[in-house]
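In: Dropping the sequence and predicted coords here.
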Amino acid sequence: MKTNAVNMTEKEYLLPGNRTCPGCALSLAYRHILKALEGQVIVTVPASCLTVLHGMYPVTSVTVPCVNTPFASTAASATGLVAGLKALGKEGVTVLAIAGDGGTHDIGIQALSAAAERQNDFLYICYDNEGYMNTGNQRSGSTPL
């Protein structure tokens, strides 16, 4: 069955009290992404607002496994997670790589390009908010002039 707004689980994977800015659309989007994947997910993210949202273990705001990676290696991390799950014979777990436009278009494009060329099986989401918001809103390479 496909997940939609009507049949989405009531279970929460993003806990209240995270460290995002008030009104942050990323936390709402992330909450619904995790609910749509029904918790059967391992998340990997670069240095970004999402690492702030996750917090530092053991005080974290997510109930799913999460790997915080260096800026350029989100897709490389996802590739390794997919290979590890395959080696362990784990099925039914989605590897989710989620990065902003800076972490995707400017800094992480090499690893993402290589993963696409290898046809690695993971879900990659680029949250394009038109800049590097975690460091003061500098434009990214995909920000319109």
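Out: The structure has been received and is ready for your questions.
In: which non-adjacent residue is nearest H32?
Out: Nearest residue to H32 in three dimensions, chain neighbours excluded: M8, at 7.5 Å (C-beta to C-beta, 6 or more residues apart in numbering). Every C-beta, even on glycine, is put in place using the N, C-alpha and C of the backbone.
In: for the one you found, helix, strand, or coil?
Out: Using DSSP: H, G, I helix; E, B strand; the rest coil as the criterion, the local structure at M8 reads coil.
In: got the contact list for stretch 29-36?
Out: With contact meaning C-beta atoms under 8 Å, 6 or more residues apart in numbering, stretch 29-36 is reached by 3, 8-9, 11-14, 41, 43, 50, 53, 62, 64, 96, 98, 125, 127.
In: if we go to 7 Å?
Out: Applying C-beta atoms under 7 Å, 6 or more residues apart in numbering, the contact partners of stretch 29-36 are 3, 8-9, 13-14, 41, 50, 53, 64, 125, 127.
In: Pull out the buried residues from the residues you listed.
Out: 13-14, 41, 50, 53, 64, 127 (16 or more other C-beta atoms under 10 Å).
In: quick one on the thing from earlier: measure the residue nearest to H32 to G39 for me?
Out: 12 Å (C-beta to C-beta, to the nearest Å).
In: Check which residues of stretch 119-133 are buried.
Out: Buried residues in stretch 119-133, counting neighbours by 16+ other C-beta under 10 Å, are found at 120, 122, 124, 126-127, 129, 131-133.
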